[in-house]
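Peer 1: Pasting the sequence and the predicted coordinates here, then a few questions.
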Amino acid sequence: MTGLARLLATHAGAGWVTWIGLRPERLAEPVVLTEAVATEAGLEGDHASAGRRAITLVQAEHLPVIATLCRRDDVAPDLLRRNLVIGGINLTALRHARLSVGGAEIAITGPCPPCSRMEKALGTGGYNAMRGHGGWYAEVIRPGRIALGDAVRVTAAAPSSP
């Protein structure tokens, strides 16, 4: 393993699930849960479709950044319309990596850009506040149960760039 590959594969420790939500229909308000079941189609009961965009994740540490950029005291996770909020591990560093999240295994597939609804949810500038902080899409590799506090661990590092 080269020095760069070793650095890319090294994390300070596991992360954890800090929030779980699903949207039963496309424009429905998120339903906050303490646990959910990940299937190939995404979180059971969520409107998302299977494949590379089955689950959406956002970094817990980005919530205060988004709040600051929106001139708000805080930002509640349900306003961002993502499925999972993950703390303690850098999701940006995990693009194309496989992760165990509770009993499920997922693969981070790409960035989840903000939608125009962020302007209404967060106020003027909400869309731009989310840019670069909108989170990630993931596909489900192995279905399983996910609960608040579950560990988020790298099971297969992202392939290193040439």
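Peer 2: Nice, thanks for sending it over.

Peer 1: C-alpha only now, for contacts and for neighbours.
Peer 2: OK.

Peer 1: Residue 38 contacts residue 144, correct?
Peer 2: Yes. With contact defined as Cα atoms under 8 Å, residue 38 and residue 144 form a contacting pair (5.3 Å).

Peer 1: Overlap in contacts, those two.
Peer 2: residue 104 (Cα atoms under 8 Å, 6 or more residues apart in numbering).

Peer 1: So for those two, which sits in the more crowded spot?
Peer 2: Neighbours were counted for residue 38 and for residue 144 using other Cα atoms under 10 Å; residue 38 has more, 27 against 19.

Peer 1: Send over the helix or strand of the chain with the lowest mean pLDDT as CSV, restricted to the C-alpha atoms.
Peer 2: Ranking every helix and strand in the chain by mean pLDDT, DSSP states H and E puts helix 3-9 at the bottom, with a mean of 74. Taking Å, rounded to 0.1, in the frame of the first residue of the first chain, the C-alpha atoms of helix 3-9 are listed here in CSV:
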residue,chain,number,x,y,z
GLY,A,3,1.7,6.2,1.5
LEU,A,4,-1.2,8.1,-0.1
ALA,A,5,-3.4,5.0,-0.2
ARG,A,6,-2.6,4.3,3.5
LEU,A,7,-3.5,7.9,4.4
LEU,A,8,-6.8,7.7,2.4
ALA,A,9,-7.7,4.5,4.2
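
Peer 1: what's the helix or strand that residue 32 is a member of in contact with?
Peer 2: Assigned by DSSP states H and E, residue 32 belongs to strand 31-33. Contact with strand 31-33 is made by 19, 20, 21, 22, 23, 24, 78, as judged by Cα under 8 Å, 6+ apart.

Peer 1: out of those residues, which is most surrounded?
Peer 2: residue 22 (26 neighbours).

Peer 1: where does that residue land on pLDDT?
Peer 2: Note on residue 22: pLDDT of 94.

Peer 1: Could I get the contacting residues of it?
Peer 2: So residue 22 contacts 30, 31, 32, 33, 43, 45, 46, 47, 81, 82, 83 (Cα under 8 Å, 6+ apart).

Peer 1: could you give the mean pLDDT of stretch 108-119?
Peer 2: Stretch 108-119 comes out at a mean pLDDT of 92.

Peer 1: For residue 28, which three-state class applies?
Peer 2: Taking DSSP: H, G, I helix; E, B strand; the rest coil as the rule, one finds residue 28 in the coil state.
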